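Undergrad: Build me a structure from this.
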Amino acid sequence: MSMIIEGYYCFGSFGEVQDLVAVMKNEALPPVAHEADLSALSDYFSSRTLRQCDRFSRLALLGASRALERAALSSADLRGCGIVLASGYGSAMPTIDFLNSLLDFGEDMASPLAFSLSVHNIPAAVVAKSLEIVGPCATVCQFDSTVASGLLLAQDWLAEGRVERILFGAVDENTAVLEAVTAQLRHEREETGCFACRRDLPLGEGAAFFVLTKESAAGVGRIESVSLTYAPEGFAATTLGEDLCLTSGAIPRLAGDVATIDGNRAFGNVPIGQAFNCASALHLMREGEGKRALCLNYGSGIQSAVLVAEVDL
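TA: Numbers count the residues shown, from 1 in each chain. You can find the predicted model right below:
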């Protein structure tokens, strides 16, 4: 079942989607930026609301608010809406902060705020509460395959009639702990071929949100197919949709009717990169560059592809 995209927004350490596409077209590495700009959050929420959120939740709030704004949806339109949030690492820092407080001060004096924020579904719940969305809410965390897994869950909810509309988001945050662990793992995994295409890239962060529904006259694109396959040897050839062949070595441009999109070099090493690829494909299509694009992922023994297309095919 295809899903119509009513609106979307993408931002990260690279800037916004137009900055990401510019880097992909020029085939040049962007300047290293460790954090995404969250200053625009003050346009949507009070400082009191933001003080209650960790940084991961703030990334999600900005992405969700901008996606709904671009879809031109009011609060009344969100009554039948659900939330699916996908993340590779999840909101790791509150969990680490809670464990540190537990070790430092014991069970009686461990931080209650860090504990509450460490609950896995809290960022999605923060988005739901802040935007007054009362439908079902779920968080998917499956590392490199998390975007495709989350989209498959969204597809199931729409097919079942559980919701009329889904706010789907992919969020990952860069942290000092993650950078230290990644640096340690890079050398250990160099000989195995795991993450061979990305191991030398700087870590990235950001969020990509899409408003999805089964039918809409005002859609800006659609997700035509989602494929998720076990492939322990890497990204093997497979088929999806109308006999579209997927291989490694994807090119970061849309050319002709179908092209592959893989912009790792532009947004860095981040598990939710597939969502950034989808946003880049939509941006290029709206500029008249191509009609369909395969957004690829091939890590952790799982291969996945999301086929993004124009609405009027």
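Undergrad: ok, and for stretch 133-144, which residues are buried?
TA: Across stretch 133-144, burial judged by 16 or more other C-beta atoms under 10 Å covers 133, 135, 137, 139-142, 144. (C-beta placed from N, C-alpha, C; glycine too.)
Undergrad: tell me how far that stretch is from the chain's mean position?
TA: 11 Å (C-alpha atoms, centre = their mean, to the nearest Å).
Undergrad: Residues contacting it, please?
TA: 78-90, 120-121, 123-125, 127-128, 146, 149-150, 153, 157, 162-163, 167, 271, 297-300, 302 (C-beta atoms under 8 Å, 6 or more residues apart in numbering).
Undergrad: Regarding the closest residue to Ser225 other than its chain neighbours, what is its secondary structure?
TA: Closest residue to Ser225 apart from its sequence neighbours, by C-beta to C-beta, 6 or more residues apart in numbering: Leu307 at 4.2 Å. Leu307 falls in the strand class when you classify it by DSSP: H, G, I helix; E, B strand; the rest coil.
Undergrad: burial count for Leu307?
TA: Leu307: 23 surrounding residues under other C-beta atoms under 10 Å.
Undergrad: Would you agree it is in contact with Gly221?
TA: No. Using C-beta atoms under 8 Å, Leu307 is not in contact with Gly221, being 10.9 Å away.
Undergrad: Would you check that my belief about Ser75 contacting Ser130 is correct?
TA: No. Using C-beta under 8 Å, Ser75 makes no contact with Ser130, being 11.8 Å away.
Undergrad: who's more crowded, these two?
TA: Using other C-beta under 10 Å, the more surrounded residue of Ser75 and Ser130 is Ser130, with 19 against 10.
Undergrad: mind checking how far the more buried one is from Ala86?
TA: Per C-beta to C-beta, to the nearest Å, Ser130 is found 19 Å from Ala86.
Undergrad: among the contacts of stretch 133-144, which ones are buried?
TA: Among the contacts of stretch 133-144, those buried by neighbour count (16+ other C-beta under 10 Å) are 78, 81-90, 121, 123-125, 127-128, 146, 149-150, 153, 157, 163, 167, 271, 297-300, 302.
Undergrad: Fine by me, thanks again.
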